[in-house]
Structures are given as C-alpha cells and as structure tokens.
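Enquirer: Generate coordinates for the sequence data below:
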Amino acid sequence: MRALRILQRAGLFVLLLSLASCLTAQQSIADARAESLGVEVTIRGIVLNGDELGSIRFVQDATAGIAAYPGAGSVGGFSSVQRGDSILLTGELSEYNGLLEINPVTNFQILSSGLPLPEPLHLPQGDLSESVEGQLVLLPCGQFSETGSFSSGQYSLALPSGNEVTLYLSSGSALTGTDIPTEATDVRGIVSEYNGQYQLLPRDADDLQAAAACLFWVEQPALSDIQPHALTFRWTTSAPAQGGIYYGTQPDLLDNYVAEAGMSTEHELSINGLQDAGFYYVRVVAESDGAEVSSPVGLYSTASLSSGSIEVYFNQSTDPSYSNGVYPAGNSYEEVEDAIIERINAAQTSISVFMYNTSRDNFVEALADAWERGVVVRFIADDETNNSALQPPPPFPVLYGSSADGIMHNKILVIDPEDVNDAY
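Expert: Predicted structure coming up:
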C-alpha cells in the first residue's frame, strides 16, 4: 500500500507538471508588444476583422492592438476566427516589414462570438503611429485625392488638419469596384505598417460613411488657467463654431452655462464667480450649423486662498551644504512630534487623521484633549496593524479598514480645512 501511494503521488506530480507545461501566462496586449521578438506571448482580446483582410487578424484589448498571422508552424483552423470574436491566443512575437505580429499562432480558443467591437479611436489629426498600430481608429472628414472606383493598392486621404493618410486595399478587398467617395467621408480602419509607413486598412463599405458635419476637436478642451474664483479653458475646432461650458457641483447636474460671444476655431472661455478651493464638474461644447461636439465631464478645482507655505521636518540630522538656501524647520523625531502636537493643540474645528499605525500615546492623548474641548476628531487606521496607542479605545471615533488586496498605508492629518489662514 505504501508503494502504491508513492506511485499515485508521483503520477499526480507528473500530470500536474504536464498540464503546467501547456500554459503560458496571459498578459495585456500592451505588455505583449513590449516583449522581445521571438518570445512566446498569450493575449486575449476582441477580433477586429475577418476574411475581408485575408488571413491576418487584428486583436485589440483595453490597452493596445496587435496583428496575428497563421504562418508556417501555426495550428489549423485560424480562418474560422471572425470579427467580434473574443479570443485567447498564443504564439511567437515577430515582425513583418515593420508590422509587429504574432506568427506563428501556436494555439487559440474562441471564447465567445458576436461581441461589439471597441469604439474606434478618434484621430482628427490622422496621426497614425506605433502607439495605435493594430487598433481600430476613425479619421473624420477625410477627402480622397483619387476619383473613380477602388481597386487594390494605396489611396491618399486628406484631412482638415492638412495631414494626409495612406489607405491600403488588398486584392481581395470588399471595396474593390465600388465608387471612391467624392464628398467628405468619415473613414474607419485598422492601423497597419509596411516598411516604416503607417497605413489604414478599411475593411468594407461600412467603414466609409459620409460625414454629416465636419466639426470636431482639433485640440481637445484643456484647462489653461486657474484662479481662486475662475477657471479658463482653451480648445480648437475644425470649423468656426460657438463654444460654451456647462458646469455645476454635481456630475449629473450641470445647471450653469456660459457661452462665447461669437464663432471661432480658436476658443478661450472662462467661468467666473466661483468659490475659492471649490470643485466643479465641467463639460465643454461647440456648435456650428446644427453640428455639435461635446467633451467628457471633467472635475476641476479653483485655486485656494491659502498661502500654500510648507514646513519641512526631518526625523534625523541633515547636511545643510546641499541646500539651495531653504532649510528644514526641524531635524529630529522630537521636533517633528512637537510640531504635530502643537498643531493639534491649536485646532479649532476639526482634525481628520489617516494613520496606518500609531504607538505614540502622547499623539493620541493630544487628539483626545482636542475632542474634549469640542473639536471634531475623525481617525482612520489599518485593521491589520497593532495600533497600540488606540487601546483602550479613545473617546473619538476610529474607523478600521483596508482594501482586499492592500493596506491603508496613509499618514495624513488635515486640520481646520475651512480656515483660510490656519488650515494644515
């Protein structure tokens, strides 16, 4: 019986070893792209195309995109992979005429089918590059330089920004024989590369859509100036438009609006009359002849009226010869502790503490004294440390906690935040 058990264990070990040898750690496509050529990678993503681009497939996840080609040494059946499939794929990282790809494909599994594709990345400037290679993109308001009907080969697409992008159609393209659009066109496609030239691969006629209105961000709205009572934004549109800003203190209630006086392509607009050190949700819009573009809602803060001065303390000695003329306010643990307790003793309204662990009884006693004189004290601590100074429980409330995969490792005090002159 003993010998049998040993054989059983040995057999189990061999089985587990065999299974483990078949597995390659899955990684994001961005991480896979960063590997060296010749390395075996395993990725998971959504397939962007089917047979319309031939044997090659492009796969994209939330981080990047990459080509997969069933070259020599690949497993069979890869032609069954179609647009909208979720796929788990293993193969060797290689390069073909500058295009990074997985070739050969040594293993793949279709996890599900018929899924929506990722939203195409909006590239109004037409800036195709390595960073977007293998991804689905949208070039708005393009104008084809050629006329007539499509055949295999390269085509030039001029964009409102003045840039030109090369489109490539293979011999089996679904666009072969169809009319080249003569009007402004929104063009979707997959970014590829051939001998250092980035090019766009449209898949079929659905990737060429008449542009309803050629209004888009040339430069996205961005915060350009922060004042205690004002926020200023700048942006650029593809055509003259009237800009405006919706704003409010809740993301789903932007009930204030300020508009530009006229039409322009270069925009600068301020929101005035705001609260200092206030937080505001903002959405920038632009409108022209019924077409409108809108930015995502963003959270911004006005400037504080606080001096912003910082006192620096070290808990050990420092070498002043390295200073550029600014020196610490203290160079010992005792000085650090005395300064903190002095601030606690001077608190008037509230003290919020985020402290991973504390064994300093005098620190907790100072907080308890502040609580007794009417200061609101709130304390958050990690629930997996000793926190000996918090035992027995102090008179003020203490919340213990941490995330499932980490610790609450902060060491922060916020004292009298509403006091313009003495907030710390």
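Enquirer: C-alpha only now, for contacts and for neighbours.
Expert: Noted.
Enquirer: For Ser304, give me its contacts.
Expert: The neighbours of Ser304, taking Cα atoms under 8 Å, 6 or more residues apart in numbering as the test, are 228, 276-277.
Enquirer: got it, and Gly65?
Expert: By Cα under 8 Å, 6+ apart, the neighbours of Gly65 are 29-30, 58-59, 132-135.
Enquirer: Next: Asp383.
Expert: Contacts for Asp383 (Cα under 8 Å, 6+ apart) come out as 400-402.
Enquirer: Tell me the predicted confidence for it.
Expert: Listed pLDDT for Asp383 reads 88.
Enquirer: Test for you: state the pLDDT assigned to Gly273.
Expert: pLDDT, Gly273: 97.
Enquirer: what about it, how many residues close to it?
Expert: Residues contacting Gly273 under the criterion other Cα atoms under 10 Å number 10.
Enquirer: Okay, it and Asp207: tell me how far apart.
Expert: 46 Å (Cα to Cα, to the nearest Å).
Enquirer: Then Ile87?
Expert: Relative to Asp207, and taking Cα to Cα, Ile87 is found at 23 Å.
Enquirer: The two: who's more crowded?
Expert: Ile87 (21 against 16).
Enquirer: Tell me which helix or strand the more buried one sits in.
Expert: Assessed by DSSP states H and E, Ile87 sits inside strand 86-96.
Enquirer: The next helix or strand after that strand pairs with which strands, and in what direction?
Expert: Using DSSP H and E, the helix or strand that follows strand 86-96 in sequence is strand 99-112. Strand 99-112 pairs in its sheet with strand 65-68 (parallel), strand 86-96 (antiparallel), by DSSP bridges.
Enquirer: just to revisit the earlier point, just the closest of the contacts of Gly65 to Arg373, please.
Expert: Arg373 lies nearest to Ala30 out of the contacts of Gly65, by Cα to Cα, at 55.8 Å.
Enquirer: if I pick the nearest residue to Asn421 once chain neighbours are set aside, what's in contact with it?
Expert: Nearest non-adjacent residue to Asn421, counting by Cα to Cα, 6 or more residues apart in numbering: Ser306, 6.3 Å away. If you count contacts by Cα under 8 Å, 6+ apart, Ser306 has them with 420-421, 423.
Enquirer: Show me which of the residues you listed are buried.
Expert: Among the contacts of Ser306, those scoring as buried are Ala423 (criterion: 16 or more other Cα atoms under 10 Å).
Enquirer: and the contacts of Ser306 as TSV, adding distance to Glu40, pLDDT and secondary structure?
Expert: Listed next are the contacts of Ser306 as TSV, based on distance: Cα to Cα, whole Å; pLDDT from 0 to 100; DSSP: H, G, I helix; E, B strand; the rest coil:
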residue	distance to Glu40	pLDDT	secondary structure
Val420	58	74	coil
Asn421	60	77	coil
Ala423	56	85	coil
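Enquirer: Let me know the closest of the contacts of Ser306 to Glu35.
Expert: Ala423 (49.0 Å).
Enquirer: count of neighbours near Thr385?
Expert: Neighbours of Thr385 under the rule other Cα under 10 Å: 13.
Enquirer: again with the one 4 residues further on
Expert: Around Ala389 there are 17 other residues, counting by other Cα under 10 Å.
Enquirer: wait, is it part of a strand?
Expert: No. Read with DSSP: H, G, I helix; E, B strand; the rest coil, Ala389 is helix and lies in no strand.
Enquirer: just checking, it touches Thr358?
Expert: Yes. Using Cα atoms under 8 Å, Ala389 is in contact with Thr358, at 5.9 Å.
Enquirer: Domain parsing of this protein, as residue ranges.
Expert: Domain ranges of the chain: 29-112, 121-210, 217-301, 313-415, per automatic domain parsing.
Enquirer: how far out from the middle of the chain is the shortest one?
Expert: Translated: domain 29-112. Centre-to-centre, domain 29-112 and its host chain are 23 Å apart (Cα atoms, centre = their mean, to the nearest Å).
Enquirer: quick one, helices of the stretch 201-350 of the chain?
Expert: 333-346 (DSSP state H, counting those that start in this stretch).
Enquirer: Could I get the contacting residues of the nearest residue to Val282 once chain neighbours are set aside?
Expert: In this structure, Val282 finds its nearest non-sequential neighbour in Tyr247, 4.5 Å apart by Cα to Cα, 6+ apart. Residues near Tyr247 by Cα under 8 Å, 6+ apart: 254-257, 280-283.
Enquirer: Please consider this matter closed, and thank you.
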